Every structure is written in structure tokens, then in C-alpha cells.
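Asks: Sequence and predicted structure are below.
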Amino acid sequence: MTCAVHARELTYRYPDGRQALRGVDLHVEHGERVALLGPNGAGKTTFMLHLNGLMTGTGGLEVAGLEVGRDTVHELRARVGLVFQDPDDQLFMPTVAEDVAFGPLNLGLDRAAVAERVAEALGAVRMEHVAGRAPYQLSMGERRRVAIATVLAMHPALLVLDEPSASLDPRARRELLDVLAEVERTMLVTTHDLPLAAELCERAVILAGGRVVGDGPCEAILADRALLAAYDLELPAGFDLARVERRARPGGVARPPGGRAASPAQAGSYLNEMPSRTR
Ligand SMILES: Nc1ncnc2c1ncn2[C@@H]1O[C@H](COP(=O)(O)OP(=O)(O)OP(=O)(O)O)[C@@H](O)[C@H]1O
Ligand SMILES: [Mg+2]
């Protein structure tokens, strides 16, 4: 299945009249990792919310082989995993395992398959040990990883993350980077964390005023001080782009090197009491 994104002249105006997207043209190919950069209010989040049909603008938008529209929303949500900036927007069940199981259950998978998905997704973000805990008891970094697991459990073709490193301490940020570097999916990452973009993404796109104003190899975009300055972006003082080591792409499935997935039986034990409700 393709997981490319083709936006053509995508335009969106909020109900209050504010024009957030003014003709976005963006083409992301299968397997690419793209950092979406830009100043506050550029339209990055608005664009991302279009990718799984949470918002629908005018112009053309094809995602993962589907033309985005009312008829395709259900299928689109199974193909596109959107991780919101605030994990609390994503986590609402009594336990982590139930939150991660929620999407796969809604896909209609049987209990054994769901338990397998939960174990695999929590293993990928190294959060197997919190399966039985309540999300609200976790730290921000832990909640963010669990939020990513809820999306990975759906086996999305395209992973879209909005400010994944916001408000993480340096260690939590590094661990998140380790986790994301192991995810083998087409990835679109909105971030103000330019070093994270440099390590993770081969391509960077700058959005400003609801339009794409820069697009190219991440190193080239980040090395262009004038371009960055024009759009209120800057690398941290002393950051040496030449020393960045781009994370190698994983050869296999989303799993940490040497990482251990919880056993399906273990994850399943947390699911036994789950109500089989649907959203
Ligand atoms: N619910 C809303 N109603 C009206 N206007 C909105 C709404 N949400 C966002 N906007 C406006 O749309 C524009 C784009 O906002 P958006 O949240 O997409 O920016 P962003 O690039 O994600 O910014 P940030 O870096 O601050 O997250 C801004 O001008 C913003 O004020
Ligand atoms: Mg935003």
C-alpha cells in the first residue's frame, strides 16, 4: 500500500474566518521522513489535522492512496496515525493497555490479535511495564510514548506527529528519538526542535503563512541561516549541523534494538476486564 501524501493547493479557513492554509502544495513519497517546520501560527497543525480527515479544506488531498473526503474518513483513520501534541488528547481509558487496545478493537480484531498488537506497540515504545497503569499516573514523556503506541497498534501506513518532543526533558527527548528512529513508516513530524529534525528526517519543509516556503534535504534547509531567520527559526547556539548523525533506518519492524515486546499473554491479562465497547 502506498503511504504517500499529495496535497495540491490545499486551502482551509476556520469557521471564524481565519485563513490557516493558503494553497499548500506538498508531495511526500512512500517511506520518506519529513520534518514540517515553521513559526507559530504557520498552519502546521491545521495541515496535519487534514491528513486523517479531522479537517477538510478545499483543493486536492490524497493520503495513503485515498482521496480525503467524507466517504474515506473511516478507512483513512486506519491508515494514518496521528499523534497529537498533547498526549492527554489521546489517552482516555482507565489503563494504558486498554488505551492501546482501543483502536485495534475498533478495527474488529479478535481478542488474541488485539493482545498481540498491544504487546507489540508497547514493546516498540518500551512501555510494556506500564500496561496496567492509569495513563494519568504517568509522566509527560511516558504518556507521550504511550500515545505513540496507541497509534502504532493500528499499524498505520503513515505516522504523523505534532511536536513530539515538546516539554520533554533531555533524557525523555533522547529516548523518544530512539523510539522514533526505529519506526519504519512514512513519517511527518511537526517540530520546533530543529536538532530532532536533523537527526530523524532526511527532508524538511517550511510552512509559513499557510504556504510551503521551503522544501529540501534537511541538512540544506537547516544550513540556510537566512532562510531560517526569515521564518523565525534558529538552531540552538553552538549546535554543529556537521556533527549530526542521521539515524539509520531500521531494517525490520518497529521495535527497539535489543528491545523486548511484552508477551501477548501478559498484555492480554490487562485486557481481560475490558468492556468491548466501541467509540
Ligand atoms: N480553532 C481555531 N479557530 C480559528 N483559528 C485557528 C484555530 N486554530 C488555529 N487557528 C489559526 O490558524 C492558523 C494556523 O494555526 P496552526 O495551529 O495550524 O499553527 P501551527 O503552525 O501549528 O503553530 P504552532 O507552531 O504554534 O503550533 C493560526 O493563525 C491560528 O491562529
Ligand atoms: Mg501547532
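Replies: Now that the structure is in, tell me what you want to look at. Ligands and ions are numbered 1, 2, ... in the order given.
Asks: Around the closest residue to ligand 2 within the chain, count how many other residues there are.
Replies: Of all residues in the chain, residue 45 sits closest to ligand 2, at 3.2 Å by CB to the ion. Just so you know, the C-beta spots here come from the backbone N, C-alpha and C atoms, and that holds for glycine as well. Other residues near residue 45 come to 17 when the count uses other CB atoms under 10 Å.
Asks: could you list every residue that touches it?
Replies: By CB atoms under 8 Å, 6 or more residues apart in numbering, the residues touching residue 45 are 85, 162, 190.
Asks: tell me which element it falls in.
Replies: helix 44-51 (DSSP states H and E).
Asks: What residues sit buried inside that helix?
Replies: 44-51 (16 or more other CB atoms under 10 Å).
Asks: now swap in stretch 120-140 and tell me
Replies: For stretch 120-140, by 16+ other CB under 10 Å, it's 120-128, 130-131, 133, 135, 138.
Asks: beta partners for the residue positioned nearest the centre of the chain?
Replies: The chain has residue 161 as the residue nearest its centroid, 2.5 Å off, counting by CA atoms, centre = their mean. When bridges are called by DSSP bridges, residue 161 pairs up with residue 83, residue 189.
Asks: Let me see the contact set for it.
Replies: If you count contacts by CB under 8 Å, 6+ apart, residue 161 has them with 83, 148, 180, 187-190.
Asks: Please apply the same query to residue 94.
Replies: residue 134.
Asks: Got phi/psi on residue 36?
Replies: With angles defined as degrees, to the nearest 10, residue 36 sits at phi -100, psi 110.
Asks: Could you tell me the per-residue confidence at it?
Replies: If you check residue 36, the pLDDT there is 98.
Asks: Then the one 3 residues further on?
Replies: The predicted local distance difference test score for residue 39 is 96.
Asks: Same question for residue 64.
Replies: In this model, residue 64 is scored at 88, pLDDT.
Asks: Around it, how many other residues sit close by?
Replies: 23.
Asks: Enumerate every residue touching the residue nearest to it when sequence neighbours are not counted.
Replies: The shortest distance from residue 64 to any non-neighbouring residue, by CB to CB, 6 or more residues apart in numbering, is to residue 79 (4.1 Å). Residues near residue 79 by CB under 8 Å, 6+ apart: 1, 3, 63-64, 66, 156-158.
Asks: Quick check: the farthest pair among those residues?
Replies: The span of the contacts of residue 79, defined through CB to CB, is set by 66 and 156 at 12.7 Å.
Asks: Neighbour count: those two, which is higher?
Replies: Neighbour comparison, residue 66 and residue 156: the larger count goes to residue 156, with 22 against 18 (by other CB under 10 Å).
Asks: low-scoring stretches of this protein, by residue?
Replies: Along the chain, the parts satisfying pLDDT under 70 run over 1-2, 251-279.
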